[in-house]
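1. make a model of this:
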Amino acid sequence: GEAPTLGRWFSWRGELPGPDPTAAELGARLGASVSERCRADQPVACQLSGGLDSAMVAALAVRSGVETAYTVQFSGDTGWDELPQARRVAAHLGMRHRVISLDQEQLLTHFDAAVVASGGPVINTHAPAKWLLCQMVRADGHAVLLSGEGADEIFWGYEHLIADWHRASGGDHRPSAAVAGIHLATGARLDTDAVGR
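-> Residues are numbered from 1 along each chain as shown. Just a heads-up that it's a prediction; the model follows:
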């Protein structure tokens, strides 16, 4: 019933908080972080893409009693579909594995709803895939879903983050033209006619 108040809640000057942790320290911090998020009054599950980030989170979550993993299968698209890798990880960890299979038509049909629900920029059809996956997770009774999202930001998985680091350090970084066109505001741009259609 009140007007919102806007204000800055965080100010980062680009400095690092201290020396980089050792591998053991990093492992302990990640383990503690995942363990803390597994302490919930609602059932917890994991999003398992088949990549290293989500596999690591799932492995740490299993230690805290998480038993179920969810994966999106991109049917008809062998370039994006990581279901075989996700199945191997889930089997290795002994997790119950739930899969939602989505085709291009389903992704396009639910694109608008995913944009509205996302609250942020949507640059590809991963948003409707994640939105539909979350519908399945919720229908199964899980209210907490852990994922590997954010690892690229922490470990410099994107070219724009690497470029920012080099700029802040006074250095220079020259990615390939294709990568610059996708991740940076330089280089050849992608053909976006399909998005318009």
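2. tell me where this structure has helices.
-> 23-38, 52-63, 83-93, 104-109, 111-118, 126-139, 151-154, 159-168, 177-183, 193-196 (DSSP state H).
3. mind giving me the packing neighbours of the second one?
-> Contacts of helix 52-63 with other secondary structure elements, assessed using 3 or more C-beta pairs under 8 Å, 6 or more residues apart in numbering; DSSP states H and E, are made with helix 23-38, strand 44-47, helix 83-93, strand 144-146, helix 151-154. Any C-beta I mention is one placed from the backbone N, CA and C, and that applies to glycine too.
4. now the first one against helix 52-63, angle please.
-> In this case it means helix 23-38. Taking axes from the mean of the first three to the mean of the last three C-alpha atoms, to 10 degrees, one finds that helix 23-38 is oriented at 70 degrees with respect to helix 52-63.
5. who touches helix 23-38?
-> 21, 44, 56-57, 60-61, 63-66, 144, 146 (C-beta atoms under 8 Å, 6 or more residues apart in numbering).
6. for ChimeraX, write the select line for the buried members of those residues.
-> A single ChimeraX command selects the buried members of these (16 or more other C-beta atoms under 10 Å):
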select :44,56,57,60,61,64,66,144,146
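7. the helices of the chain: which one's closest to Ala3?
-> Among these, helix 111-118 comes nearest to Ala3, with 23.7 Å by C-beta to C-beta.
8. just the helices and strands packed on helix 52-63: most buried one?
-> Greatest average neighbour count among those goes to strand 44-47 (a mean of 24), per mean count of other C-beta atoms under 10 Å.
9. just the C-alphas of it, formatted as CSV.
-> C-alpha atoms of strand 44-47 as CSV (Å, rounded to 0.1, in the frame of the first residue of the first chain):
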residue,chain,number,x,y,z
VAL,A,44,14.8,-29.6,-2.8
ALA,A,45,15.7,-30.9,-6.2
CYS,A,46,18.5,-30.1,-8.8
GLN,A,47,18.5,-28.9,-12.3
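10. neighbouring contacts of that strand?
-> Contact partners of strand 44-47, identified using C-beta under 8 Å, 6+ apart, comprise 37-38, 54, 57-58, 61, 64, 66, 68-71, 95, 130, 133, 137, 140, 142, 144-149.
11. if we use 7 Å, what do you get?
-> With contact meaning C-beta atoms under 7 Å, 6 or more residues apart in numbering, strand 44-47 is reached by 38, 54, 57-58, 61, 66, 68-70, 133, 137, 142, 144-147.
12. what mean pLDDT does it have?
-> The average pLDDT for strand 44-47 rounds to 97.
13. what strands flank that strand, and is each parallel or antiparallel?
-> Next to strand 44-47 in the sheet, as set by DSSP bridges, lie strand 68-74 (parallel), strand 144-146 (parallel).
14. distance from the chain centre to it, please.
-> 13 Å (C-alpha atoms, centre = their mean, to the nearest Å).
15. for the spatially most central residue of the chain, give its distance to Cys134.
-> Residue closest to the average C-alpha location in the chain (C-alpha atoms, centre = their mean): Glu149, at 2.6 Å. As judged by C-beta to C-beta, to the nearest Å, Glu149 and Cys134 stand 12 Å apart.
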